[in-house]
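Visitor: coordinates for the following, if possible.
(one chain, ligands or ions: 1)
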Amino acid sequence: MENKLQALKSMLHEINDLRAAANVIYWDQTTYMPPGGGAAHGRQLATLARITQEKLREPKLRELLAELEAYGQSMPYESNEASLIRVAWRDHEKARRVPPDFQAKVKAHQSESYQVWANARPENDFAAVQPYLEKTLDLSLQYAEYFPDSAHVADPLIERADYGLTVDILRELFSKLRDQLVPLVQKISAKQAMDNSSLFQFFPEQEQLNFGRKVIEQYGYDFNRGRQDKTLHPYMIRFSGNDVRITTRVDENRFDDALFGTLHEAGHALYELGINPSLAGTLLAKGTSSGVHESQSRLWENQVGRSRPFWTYFYPQLQKTFPEQLGKTTEDEFYGALNKVTPSLIRVDADEVTYNLHVMIRFDLELDLLEGKLAVKDVPEAWHARYETDLGLRAIDDRDGVMQDVHWYDGYIGGAFQGYTLGNIMSALFFEQALKAHPEIPTEIAQGRFTTLRGWLEQHIYRHGRKFTAEELVQRVTGSPLMIDPYIRYLQKKYGELYDL
Ligand code: ZN
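Guide: Numbering: from 1, shown residues only. Prediction:
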């Protein structure tokens, strides 16, 4: 059995290496590639996607998994061996449905589509991306067709990112959440608006980057095992357990975009860097789902980065960095400015209370597109209409409308956004448990110390990689299934205090 396990591991290592190589190409494409490099990059990504898929479907892999199945089941559920065999089966079964040529076609298309979006967005040129988005929709539907036993056409796409979740479950969860959020937004709107003008001044790029870098180093992001580069739409990417990179963007006319984007991506990176090295090179060395991943980015961005103790520690330093801009703004005022609740147009810059409304708009539009209720050519208007209904705002163009997020332009339509709201919900579940175990965490944050919190997250979440599904992880950590109550409690307490509700 040892030999067979070793053989399985070597096959999985190759798959892992191919994926890492594809990640390097993607990272290059979205950071430093000269414009001429796009076509070749797309072809290379397609080739790698095809070979990866072929390897995941290999009969030899299936044979090994079958021979190892009983052995895996005889081992403790959470052992590396049992988990590896269990998760590899799941990945293999899924890969068997999807032909390698299809994977290659999708990758080539996504790569080209990203390039077109990158050029079209600054020009506000939806007409340029429309045919690409139409093809993306076709490919998304085609992907779903490989899973004909699904209850809803979006289910296979959601499952790619958040295993175990379906449209039915999410619709119910989102509607419960909406019922709590909308009255909270209304209560806050009735109060006097916070002044956040201090955030909208000129903050030079290098100082913004330096400050963010200092914070994430203190979080525990290790620049010997990562780096930060600029891109159009920030993301985190893993090349190996010792090379997990983040990207960011800077708007010199506002302070919050770069910093909170940096804290967000660093949260993703801490998760990947905290995975047990004994899982390296296997299919388990990766965050377990989009929702759990976002729970970590949102936790470090919001529960920590937008908290009062965080700014008790960092605000004096920030004032020293930007004495002209912030010298006259008190910590109280600054904390209020950062947590101003107000309907806005851009998801990534939205406050914590209205943020999920942005996600729900995208989730519903994805379903409408996949169900054939909405044509791609009508999405810009549908987008504006939903923003008017849900947030009372209308973007003046598509750049800040349907073209603001990269997801539909370098991925599938379907399954792209629910992870953010799941992440918000889970971030509160996990943070509440961390505080129960270590009530001293807020005091430590106020002293710029993050090791207790990071250690707890590493112990309970990070080190497991993909061993447990999101559902299993939530159950293990909290003792209950996924629920929205801790998240609502968190929002009500924080914003109740801020807005005197
Ligand atoms: Zn994220």
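Visitor: quick check, residue 408 in contact with residue 136.
Guide: Yes - counting by Cβ atoms under 8 Å, residue 408 touches residue 136, with 6.3 Å between them. Using the backbone N, CA and C atoms, a C-beta is placed for each residue, glycine as well.
Visitor: so between these two, which is more surrounded?
Guide: More crowded of residue 408 and residue 136, by other Cβ atoms under 10 Å: residue 408, with 27 against 24.
Visitor: work out for me the element that one sits within.
Guide: Here residue 408, judged by DSSP states H and E, is contained in helix 407-410.
Visitor: residue 421 contacts residue 358, doesn't it?
Guide: No - Residue 421 is beyond contact range of residue 358, at 9.3 Å (criterion: Cβ under 8 Å).
Visitor: now do the residue lying closest to residue 203 once chain neighbours are set aside, the pLDDT please.
Guide: Counting by Cβ to Cβ, 6 or more residues apart in numbering, the nearest residue to residue 203 once its immediate chain neighbours are dropped is residue 255, at 5.0 Å. We have a pLDDT of 95 for residue 255.
Visitor: spit out the contact partners of residue 255.
Guide: The neighbours of residue 255, taking Cβ atoms under 8 Å, 6 or more residues apart in numbering as the test, are 198, 199, 200, 201, 203, 208, 322, 325.
Visitor: same check, this time on residue 46
Guide: Counted by Cβ under 8 Å, 6+ apart, residue 46 has contacts 104, 105, 107, 108, 111.
Visitor: now do the SS call for the fourth one.
Guide: Classification of residue 108 into helix, strand or coil gives helix, according to DSSP: H, G, I helix; E, B strand; the rest coil.
Visitor: state the distance from it to residue 486.
Guide: For residue 108, the distance to residue 486 equals 43 Å [Cβ to Cβ, to the nearest Å].
Visitor: picking up where we left off before, distance of the residue nearest to residue 203 relative to residue 42?
Guide: Computed with Cβ to Cβ, the distance linking residue 255 and residue 42 is 36 Å.
Visitor: equivalent analysis for residue 6, please.
Guide: 36 Å.
Visitor: those two - which one has more neighbours?
Guide: In terms of neighbours (other Cβ under 10 Å), residue 42 is the more surrounded of residue 6 and residue 42; the figures are 21 against 10.
Visitor: and that one, its phi and psi?
Guide: Recorded main-chain torsions at residue 42 are phi -60, psi -40, according to degrees, to the nearest 10.
Visitor: tell me the contacts of it?
Guide: 107, 108, 111, 112, 115.
Visitor: quick check: closest non-adjacent residue to it.
Guide: residue 111 (3.5 Å).
Visitor: that neighbour sits in which helix or strand?
Guide: Applying DSSP H and E, one finds residue 111 within helix 100-123.
Visitor: quick one: mean pLDDT over that helix.
Guide: So the average pLDDT for helix 100-123 ends up being 95.
Visitor: cool, and stretch 390-410?
Guide: Averaged over stretch 390-410, pLDDT sits at 96.
Visitor: next, the buried residues of it.
Guide: Buried residues in stretch 390-410, defined by neighbour count with 16 or more other Cβ atoms under 10 Å: 390-391, 395, 398-406, 408-410.
Visitor: tell me the one among those nearest to residue 33.
Guide: residue 410 (13.7 Å; Cβ to Cβ).
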